[in-house]
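A.B. asks: Here is a sequence with its predicted model. Questions after.
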Amino acid sequence: MNENLTTKLPRHKAKSSPELDDTPPGRFSDGDRAGLYKAIYERRDVRSEFLAKTVPEDVLARVLLAAHHAPSVGFMQPWDFLVIRSSPVREQIYDAFVSANEASAEQFEGERQSLYRSLKLEGILDAPLNICVTCDRNRAGPVVLGRTVAPEMDLYSTVCAVQNLWLAARTEGLGVGWVSIIQRQALHDILGIPQNIVPVAYLCLGYTSRFYRSPELAEKGWRQRLPLDSLVRFDGWDSTQESTHLSDSEETLLERIRQRQKHFDFF
Ligand SMILES: Cc1cc2c(cc1C)N(C[C@H](O)[C@H](O)[C@H](O)COP(=O)(O)O)c1[nH]c(=O)[nH]c(=O)c1N2
């Protein structure tokens, strides 16, 4: 990275006195870093705990602007944000969810199906606000820097915006729940989204009575977080993790990951 550029970056100060701030240029202060990691670890997918409380416009503006600052291929910014408050509209979306969810439940069998049916997988009517994040695949014309050999990059960019929104919302005390159990065509029909625009995410958003400490699906026995050390590979897919094949630094990295994940096990 260009050193001059780095040194010109604004210093983020968590400490009250600037003289005490010895944060290296370009790096966040301990407080700022802790805030970001806290948002990451304490973000949850929220379905049941929404409160009716209104989300003030300035808070929503901050969250949407955070989403708009996501990275995007060729700086395409392919997203639009449909803010949905109307109860009749949300009721139609909810009906679309119910029929898609019934079909989804049929994909599982026996106890797994019973457990699936016991899960609440949306907060469409409970949350005061729903947001549909879409992707305009033609926003920057047919040829986009970075998308020439990987056309799906615009969709990935839109997902980056969703993640920014999700994290920013968490710092504001807002819960977000992603509902993907809705036929895409139903979103086109109900929301009048043109066929050339892709609905990427349907989100429920609002203040909550609480946030689960760990993913609700983990707490309810659906699926647990995987050990990260088993997902890290070195220099190629087939690299083995047998200790004889690992360099000291690779072994140290995996050990640090194990220690850290044990520490954060409950997330
Ligand atoms: C693309 C995509 C799509 C969905 C989700 C997420 C993502 C990324 N999730 C939320 C998902 O279940 C949740 O993220 C995981 O269970 C992990 O929990 P936390 O997000 O860490 O709380 C989700 N949850 C839900 O109740 N109904 C849904 O339809 C979906 N769909």
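C.D. replies: Done, it's in.

A.B. asks: touching the ligand at all, the top strand by length along the chain?
C.D. replies: Counting by DSSP state E, the longest strand found in the chain is strand 197-207. No. Contact of strand 197-207 with the ligand (CB under 6 Å from any ligand atom) is absent, the minimum separation being 6.9 Å. C-betas here are computed from N, CA, C, even on glycine.

A.B. asks: ok, then the element right after that strand?
C.D. replies: Sequence-wise, the next helix or strand downstream of strand 197-207 (DSSP states H and E) is helix 216-219.

A.B. asks: buried ones in whichever helix or strand comes after that following helix?
C.D. replies: Downstream of helix 216-219, the next assigned helix or strand under DSSP H and E is helix 248-263. Residues of helix 248-263 classed as buried: 250, 254, 257 (neighbour count, 16 or more other CB atoms under 10 Å).

A.B. asks: which one among those gets closest to residue 193?
C.D. replies: Of all those, residue 193 sits closest to residue 257, with 41.2 Å by CB to CB.

A.B. asks: low-confidence ranges in the stretch 1-150 of the chain?
C.D. replies: 1-21 (pLDDT under 70).

A.B. asks: Can you tell me which residues in it are near the ligand?
C.D. replies: 44, 45, 47, 121, 122.

A.B. asks: Dump those to a markdown table, plus neighbour count.
C.D. replies: Formatted as a markdown table, these follow (neighbours: other CB atoms under 10 Å):
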| residue | neighbour count |
| --- | --- |
| 44 | 21 |
| 45 | 19 |
| 47 | 22 |
| 121 | 19 |
| 122 | 24 |
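
A.B. asks: okay if I get those residues as CSV plus secondary structure?
C.D. replies: As requested, these are exported to CSV (DSSP: H, G, I helix; E, B strand; the rest coil):
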residue, secondary structure
44, coil
45, strand
47, coil
121, coil
122, coil
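
A.B. asks: helix or strand for residue 81, which one?
C.D. replies: Assigned by DSSP H and E, residue 81 belongs to strand 79-84.

A.B. asks: So what's the gap between that strand and the chain middle?
C.D. replies: Put simply, strand 79-84 sits 16 Å off its chain's centre (CA atoms, centre = their mean, to the nearest Å).

A.B. asks: Quick one: work out the angle between the helix or strand just after it and strand 197-207.
C.D. replies: Heading C-terminal from strand 79-84, the first helix or strand you meet, by DSSP H and E, is helix 87-105. Angle, helix 87-105 to strand 197-207, by axes from the mean of the first three to the mean of the last three CA atoms, to 10 degrees: 110 degrees.

A.B. asks: tell me what helix 87-105 is packed against?
C.D. replies: Contact partners of helix 87-105 among helices and strands, from 3 or more CB pairs under 8 Å, 6 or more residues apart in numbering; DSSP states H and E: helix 110-118, helix 184-191.

A.B. asks: Could you list the buried residues of stretch 213-221?
C.D. replies: Applying a neighbour-count criterion of 16+ other CB under 10 Å, one finds 216, 217 buried in stretch 213-221.

A.B. asks: my bad, should have said stretch 219-236
C.D. replies: Buried positions in stretch 219-236, judged by neighbour count with 16+ other CB under 10 Å: residue 229.

A.B. asks: Could you list which residues are in contact with residue 35?
C.D. replies: Neighbouring residues of residue 35 by CB atoms under 8 Å, 6 or more residues apart in numbering: residue 171.

A.B. asks: and it, how far is that from residue 42?
C.D. replies: 11 Å (CB to CB, to the nearest Å).
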